[in-house]
Structures are given as C-alpha cells and as structure tokens.
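Enquirer: Fold the following.
(3 chains)
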Amino acid sequence: MNKKINLLLFSGDFDKIYAALLIANGARDMGMEVSIFFAFWGLLVVRDPEKLTGEGKSAYEKMFGAMTPKGPEDLGLSRMNMMGMGKSMMLEMMKDDNAPSLQRLLDGARKNKVKFYGCKLSTDVMGFKKEEMLPELEIVDVKAYIEDAVNSDMQLFI
Amino acid sequence: MNKKINLLLFSGDFDKIYAALLIANGARDMGMEVSIFFAFWGLLVVRDPEKLTGEGKSAYEKMFGAMTPKGPEDLGLSRMNMMGMGKSMMLEMMKDDNAPSLQRLLDGARKNKVKFYGCKLSTDVMGFKKEEMLPELEIVDVKAYIEDAVNSDMQLFI
Amino acid sequence: MNKKINLLLFSGDFDKIYAALLIANGARDMGMEVSIFFAFWGLLVVRDPEKLTGEGKSAYEKMFGAMTPKGPEDLGLSRMNMMGMGKSMMLEMMKDDNAPSLQRLLDGARKNKVKFYGCKLSTDVMGFKKEEMLPELEIVDVKAYIEDAVNSDMQLFI
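Expert: Residues are numbered from 1 along each chain as shown, chains lettered A, B, ... in the order given. Below is the predicted model of the structure:
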C-alpha cells in the first residue's frame, strides 16, 4: 500500500512504546512508509545503553541521565507497574505467548528502515548527546516533524 | 457527513475512555462511520463483568484478571484519582450536570453500531478469552487495525 | 503551506501541554491553520489565574477549583514529577538551553491566532465559568470539535 504513517512518540512507558513499534513494524510489512519522531520521554528508548556518557553535561543533565531508564527493557508500564512487579508479570505473560520483546521490535524497526527522527529541543534540554543515541536517529526540529506529519496519511501522538 | 473516524483506545483510564466514547457517539450521530480498536488497557472496558472466568488461564493470567478493573464503572481517573476519592467526586459532579455515565456511553456506542475491534496480541498476552468480552468485539491483528485506520479521515491514539 | 492542524488537548501535564503548544506555534509559523480543543484536564491551562472564582459553584466544584493547578506554570510533569522536584529540575534545564517557558508558548499561541476551543461538557462538569477562562476560548460541544478535526489534515489527541 502506497501510504505513509507518522508517529510522535512522546511517552517513555514500556507498553506505549511497544504499541508504537508494533504499529511501525506492521505498517512497514504492509509496504508503507513509516517515520517516528521521538520527543521528550520517548527519547529514552533510542539511547544506546552502551554509550551513555556524562561528559560535557551540566550537573542537572548528569543527574537526569543517571535517573532515567537506560534502555528499552529498563522502562516501566504506564499502569500497574508497581515498582516493576507488574512489569515482570507482563514480561512473563508475553513470553508465554511468544510475543516479541520490546528490544526485538526496536531491532526490527531499525532493520526495516522505519525512519527515526529525534526532537532537537528535547535532546538539548535533557542533555542527550548525538553520540549517546542510536546512529539511525536524525535530530530535527519541530517544523521538520510537522512537515513530515502533515504530509502523512495518518498521524498518532503516543 | 460521509467521513470515517478511527480511534485506537489504549488507555484504561475512566476519563480518557469517556472522551473516546463521547467522540465515537458524536460522530455516529453526525452520520460518520466509526471504529474503535481496543488494545492493552483499553480492553478493560469491553470485558463483560458478568462473564469473567479463570478457566484455561495460566496463574499469571488469573492473577491479572483478578487485579484489573471489572468493568466500565470500576476504572480510575488518569489524574487526581486519589484512591477513588477524586473519581467519586467527579461522578457526583457529572451527575449534577446530567452528564451521561460511562456505562450509558458504552451502551450507546454498541447500539449505534460503532465498530468494536479488539487487539489479538493484547488479548493473548493478557489471557482474555473471547467469551469474556462483549459479543460485538471482533478480535483482529494489528495489520487489520492499520488498514482500517489509514483509510479513515481521522485517527486518534487515546 | 495551506494545511490545517487540529489538536485535542486532554492532558493537564506540563510536558504534554508544552509539546502541544510547540507544535501549534510551529505550524502557525509555517502558515498553517491551527485549532486546539481543550477538554478535561487540558482546560487547566486556559483558566486565567487572576480570575478564578467560587461564585455560583457547588461545593464539589469549589473544592475541585481549589485543588487543581492555578495556571500553566503550576502544572506537573507526566513522569518523574516527584512532588515537583523533577519539575524544578526540568525548568532549570530548560532555562540553561534558553527553551521558551510554557507561559511564553501559551502567549505566543494566543498572539499567533491559534484558535482556542473549550469543551462545553468538561467546563460544565468541572464547574469552570466562562469568565474564569482566557477570553479567546470559545466554548463548543463535541460535535463542533469533530467537525473541525475531521476537516483538518492532521489530528492529534494529546
């Protein structure tokens, strides 16, 4: 199908990011063009856990980097997280049904050429450095997002 | 109006589900086609409280079924819920203004032929059985959702 | 660009409202038409902090008015708010990067003629009086929202 989907991924919740990546991968499978604009908490899923650094950051930015989840599997649920207990239960239930892991969905999206954009303002404010992020992530401003979104056949704010 | 609206109802919050059903019923009243894809926590509103069962479920699925809200009126607010106190206050305020109850909005959507889809992966993972759900709910996969959504004039992720 | 964007602002979270206003201002800058429909918690950002009143309100409505944030800068984060600590940290980080304040984005949207709609049912239920709100806010029902949204090129539920 010759269609284009744009997702604004604002949330840093495991379950919402999971939903976003399911949609992105599904749409790519169906031959659609897909872009995701990672903003605010959504950026937590496209940091490379192996490359986090404190260099060149303010005290607040360092603290922020240290307090936030380190990668996809480190994120909590939007509800019933219960200090991670609900999350563990959910992961077990997912395994029982052979549901793909969040990491696998993320890897799939990268391999399937889902276009990854990162919000410039958010990375600036949160102090995330280009080299801490997945290499596919292209940092753009909000106008580039709007341009891409408004020319898509479907837009979601997740 | 010859238009089509697609809502992805991901949230299990009383207030967000209320908003989704208000939009769905309003659009049906205006002669539009409306479909709702219930996924993840959104499925909590389309379980039939009279038909919940533990049969054929894993221990986790049973626990999950028991810990989650039993029906529309059992759901909490997305903020200021305060262990249900804020929710009670909101319900009183709604009654004072003759705002329809969530149950009435849900009944209206069913009667008005809003198309109800349920996310297959979510029901599998959460262990929700077909016979526990409202009979109108048609279980479909994420691609069926995308196909329906991308061919609509408006899509929301709620 | 001759395009039209419609945002349903449901959330009362500082960060989500910030994102909504960034998009609204960006799109206006690009020459697009933008409308925001403030509903439920989203109405908290368009009350005029100088004009809040208890007159003509029920006991619940008075209590609700007193318990809710008084204006844009009084709103909390959707996550890591930590009783306001995370929020303060975020504000410092924003200042370090010369990111505009929420108040400035709101003022910009008003000056740039972003169209402000308020949800009639929400104001009725919450007991918010017309004279407590920003004067630009036009109170309309859900069908007016749907009509505006479905005729836009892009719709988001925030």
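
Enquirer: show me where pLDDT drops low in chain A?
Expert: Within chain A, no stretch has pLDDT under 70.

Enquirer: so which residue of it comes closest to chain B?
Expert: At 4.1 Å from chain B, A:L156 is the closest residue in chain A, using CB to the nearest CB. Yep, even glycine has a C-beta here, placed from its N, CA and C like the rest.

Enquirer: Would you mind naming what in chain A lies close to chain C?
Expert: Residues of chain A that fall close to chain C, judged by CB under 8 Å from any CB of the partner chain: A:8, A:10, A:12, A:39-41, A:58, A:60-61, A:63-64, A:67-68, A:121, A:124-127, A:141-143, A:145-147, A:149-150, A:152, A:155-157.

Enquirer: Quick check: the residue of chain A closest to chain B touching B:S152?
Expert: No - using CB atoms under 8 Å, A:L156 makes no contact with B:S152, being 11.9 Å away.

Enquirer: which one of those two has more residues nearby?
Expert: Neighbour totals were compared for A:L156 and B:S152, and A:L156 leads with 25 against 20 (other CB atoms under 10 Å in any protein chain shown).

Enquirer: from the middle of its chain, how far away would the lengthiest helix in chain A be?
Expert: Secondary structure assigned by DSSP state H gives helix A:14-29 as the longest helix of chain A. For helix A:14-29, the distance from its own C-alpha centre to the chain's C-alpha centre is 10 Å (CA atoms, centre = their mean, to the nearest Å).

Enquirer: Can you give me the buried ones in that helix?
Expert: A:14-28 (16 or more other CB atoms under 10 Å in any protein chain shown).

Enquirer: Can you give me the neighbour number for A:P100?
Expert: 16.

Enquirer: typed the wrong thing, it's A:F157
Expert: What A:F157 shows, counting by other CB under 10 Å, is a neighbour count of 26.

Enquirer: what do you get for A:G71?
Expert: Neighbours of A:G71 (other CB under 10 Å): 17.

Enquirer: unless I'm mixing things up, it is touching A:P49, no?
Expert: Yes - between A:G71 and A:P49 there is a contact under CB under 8 Å: 3.7 Å.

Enquirer: Now do the end-to-end distance for stretch A:119-137.
Expert: Stretch A:119-137 has an end-to-end distance of 10 Å (CA to CA, to the nearest Å).

Enquirer: Run through who's touching that stretch.
Expert: A:37-40, A:43, A:46-48, A:51-53, A:55-58, A:60-62, A:64-65, A:110, A:116-118, A:139-142, A:145, C:22, C:90, C:93-94, C:97, C:99 (CB atoms under 8 Å, 6 or more residues apart in numbering or on different chains).

Enquirer: Apply the buried test to these and list what passes.
Expert: A:37-40, A:43, A:46-47, A:52, A:57, A:60-61, A:64-65, A:116-118, A:139, A:142, A:145, C:22, C:90, C:93-94, C:99.
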